[in-house]
Each structure stands twice: as structure tokens, then as C-alpha cells.
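**Student:** What would the 3D arrangement of this be:
(one chain, ligands or ions: 1)
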Amino acid sequence: MKYDIEITKSMNPKEKPDPAVLGFGDIFTDDMFIMDYDEGEGWHDARIVPYAPIELDPAASVLHYAQETFEGLKAYRTAGGGLKLFRPDMNAKRTARTSDRLCIPPIDEGFYVDAIRALVDVDRDWTPDIDGTSLYIRPFIIATEPFLGVRPSRRYKFIIILSPVGPYYKEGLAPTKIFVEDEYTRAAPGGTGYAKVGGNYAASLKAQMKAHELGFTQVLWLDGVERKYVEEIGTSNAFFVMNGEVWTAPLAGTILPGVTRDSVITLLKDWGVPVREERFTISEVFAASEAGELSEVFASGTAAVISPVGELRWKDRSITISGGDIGDLSQRLYDEITGIQSGRLPDTHGWTVDL
Ligand SMILES: *Cc1c(COP(=O)(O)O)cnc(C)c1O
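**Tutor:** Below you'll find the model as predicted:
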């Protein structure tokens, strides 16, 4: 069976970092997963090998035309010393949708999760065990055929690497300052906004740098056509609590369908909190704030889970949210999701996978 995973572990294990001082994404474990694709043969030679640089032809099409998709999920340490993955089937499904958009050949979704499980199991001792830390999992697919013409590659590599991580934002759960970006846009109808592709990130850096220079943590993206509808915050989904209802942009092609977004919406519905997945404008948000009806704003994503927003700046107007503190709903969502991920709270939706 070509989908058996051959395992050759590293013979030179590295020293593990101090879990108390972990950053985000700068340390990698001893091993990695690789599988190749060749036209006519399909995906083959799934293997776990020592973590090392890969050889790539300088003409490899990913280097020129960015035919690439990636994912991000985490393994969490439980109190009993076990490990849990959070909804990895959702990452497999999203990879399938992104691959389809980029003409990358599909990977069996069950095998995608098996490959993640196999690698995390081999390097399980790298999962840090203090609060707020985890083992970040980065699966990605690159087009490797040496060819400068523009068409889908006939060769690919599917690779998974692991990185022990601390909190995403140095401020932790402290509220962020967000700049509403009205010059650059992230996604347009018909484009790749809903797909997890590296090119989207390359195109977002300029706005992120501008926000940093102005003293903000991140940008809030507006729609690419009219620049008035609220879309996302940086690389996270965005939620606004207005008049007791929770508003978030609908999945209409320009929004990345976050796993955390879906979990937040499910939990809110469980709790009887009304959720509106509908278009709304940045003017409506500022008007709600002026009327005293905007109680919380937060971003959701795997890296930071829930990230409360304390300040929003749009053109020359600034508003403070929840008095610059974390709101009750943001805190409750953070506690619930991290509680399920670490096994402290019951997983009534069957979201976690034990390892
Ligand atoms: C990955 C990502 C998210 C968050 O998705 P999660 O599955 O919750 O981690 C949101 N927006 C963008 C643009 C992303 O790339």
C-alpha cells in the first residue's frame, strides 16, 4: 500500500527549548513528514525523516508562480500528559478546497489527518506543557516541477513540520489596537480570499507594516470592491458584539473559513447568543459605538484563539472598546475553547482527537 508511512527518526535529537520563554514559529522539532506527487503516479512515498533543508530546483514553479497551500493547527498537552488535536478534519477539508482552487491534486482527507497524527506521535515529547503553549503543526504543499511556463505543476511535495510555540501575541490576552485599512485590500470576489495560500500573505505585508509603523497591532480589512464592508482582522476572523448580537462577515468567497470562527459560532448558538453572519459596514460599527451599543470586538484564529480588540482607528476617528479591557463574551469563549482543547472542559461536540 503506497500510503504506508515509512519512519526514519532523527539520530541526533536537538535540545528542547525552555517552555517558559517560547516565541512563535522559530524553533522546529527533530522530524518532518514528506510525500511526493508525480503525474501518472499520484501521491507516493509518504515518509517521516529527520528535519532538514529540502532540495529544490531553482526553476520549481512554486518559486515563480506561488502554487502553494498551507494549514495551521495545534497539538495541546492535557493535564494527564496526553495530547489532543482540535478538529484536524476541518484542516483536511480546507486543504481540499484550497487545492482545488489552485489546481493542486487532492490528498485523501483521512490520510491527511493520519499523516499529522503519525508525525506528532513521533515528536510528541516536543509538546510543551505550560499554560498557553502548544505544538504548532504546519502542513503545506508546494509545486516542485522545474518549468517556467504557466500551467499547473506535474510534481508536488506535501510536507508537515512542527514548532513548539508560546502565546501568539506578546501581550497575551491584552486587547489589541487595530487600524482599519482603506487603501490596500486582501481579497476580491472570484479571487483566493477563502483559500489558505501563501500569496495572500505576501500581498498583505505592506498593510501590516503600515499599521505597525503607525503604532497598531494589526489591520482590519474592508471588502475589495467598495471598501466599506468589514471582512477580517489581520489573519483572523472578526466578530463585533452590537446591541447584544454577534456580527461576523459571511463566508461568501472573500473570507477565510476559520476553524476557530466555526467553533465560536457553534458555542454562541449553544449559549443562546444571537449570531448574524451578514454583511455590515465599518460606518455601522462606528455608529454603534457612538450610540453605546458596541460592547466587544474580537478576532479568532488558531494561533491566538481569541484576541480582544481594545481600540479601532478608521481614518481620523478612534474608538475604545470595552473600556480597553477584554469583554465578558471574549473571555468566556477563550476559556471554553482552550478548556476543550486541553481536556479541562467536556468536549460535547466531539472536536478533539486524542493522541
Ligand atoms: C488561517 C486564517 C484564519 C483563521 O483560521 P483558523 O482555522 O481559525 O486558524 C483567518 N483568516 C485568515 C486570512 C487566515 O489565513
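**Student:** which residues touch the residue nearest to residue 117 when sequence neighbours are not counted?
**Tutor:** The shortest distance from residue 117 to any non-neighbouring residue, by Cβ to Cβ, 6 or more residues apart in numbering, is to residue 355 (6.1 Å). For every residue, glycine as well, the C-beta is placed using N, CA and C. Counting by Cβ atoms under 8 Å, 6 or more residues apart in numbering, residue 355 touches 75, 82, 83, 84, 85, 117, 120, 121, 124.
**Student:** where does residue 162 sit relative to residue 120, distance-wise?
**Tutor:** Separation of residue 162 from residue 120 (Cβ to Cβ, to the nearest Å): 7 Å.
**Student:** ok, now residue 26?
**Tutor:** Distance of residue 26 to residue 120, computed by Cβ to Cβ: 19 Å.
**Student:** Pick out whichever of these two has more residues nearby.
**Tutor:** residue 120 (25 against 10; other Cβ atoms under 10 Å).
**Student:** helix or strand for residue 85, which one?
**Tutor:** strand 83-86 (DSSP states H and E).
**Student:** returning to what we had before: show me whatever sits in contact with both of residue 162 and residue 120.
**Tutor:** Shared contacts of residue 162 and residue 120, defined by Cβ under 8 Å, 6+ apart, comprise 135, 137.
**Student:** one step back: where's the residue nearest to residue 117 relative to residue 33, distance?
**Tutor:** Where residue 33 is concerned, residue 355 sits at a distance of 15 Å (Cβ to Cβ).
**Student:** Tell me where the stretch 101-250 of the chain has helices.
**Tutor:** With DSSP state H, counting those that start in this stretch, the ranges of helices along the stretch 101-250 of the chain come out as 109-122, 198-213.
**Student:** And those helices: which comes nearest the ligand?
**Tutor:** helix 198-213 (6.6 Å; Cβ to the nearest ligand atom).
**Student:** Just the buried positions in the closest one, please.
**Tutor:** 199, 200, 204, 207, 208, 211 (16 or more other Cβ atoms under 10 Å).
**Student:** Residue numbers of this protein in contact with the ligand?
**Tutor:** Applying Cβ under 6 Å from any ligand atom, one finds that the chain approaches the ligand through 72, 196, 232, 235-237, 256, 258-261, 300-302.
**Student:** can you list the weak-confidence ranges in this structure?
**Tutor:** Counting by pLDDT under 70, the ranges of the chain that qualify are 1-3, 169-172.
**Student:** Swap in 90 and give it another go.
**Tutor:** In the predicted model, the chain carries pLDDT under 90 at residues 1-3, 79, 130-132, 167-174, 304, 323-325.
**Student:** Let me see the domain layout of it.
**Tutor:** 6-165, 176-342 (automatic domain parsing).
**Student:** Give me the phi and psi angles of the residue lying farthest from the centre of the chain.
**Tutor:** For the chain, the residue at maximal distance from the C-alpha centroid (Cα atoms, centre = their mean) is residue 291, at 33.5 Å. Backbone torsions for residue 291, taken as degrees, to the nearest 10, come to phi -80, psi 0.
**Student:** how far away is it from residue 16?
**Tutor:** In terms of Cβ to Cβ, residue 291 sits 52 Å off from residue 16.
**Student:** Leaving out sequence neighbours, find the closest residue to residue 121.
**Tutor:** Going by Cβ to Cβ, 6+ apart, residue 121 has residue 355 as its nearest residue, at 6.1 Å.
**Student:** typed the wrong thing, it's residue 214
**Tutor:** residue 179 (6.0 Å).
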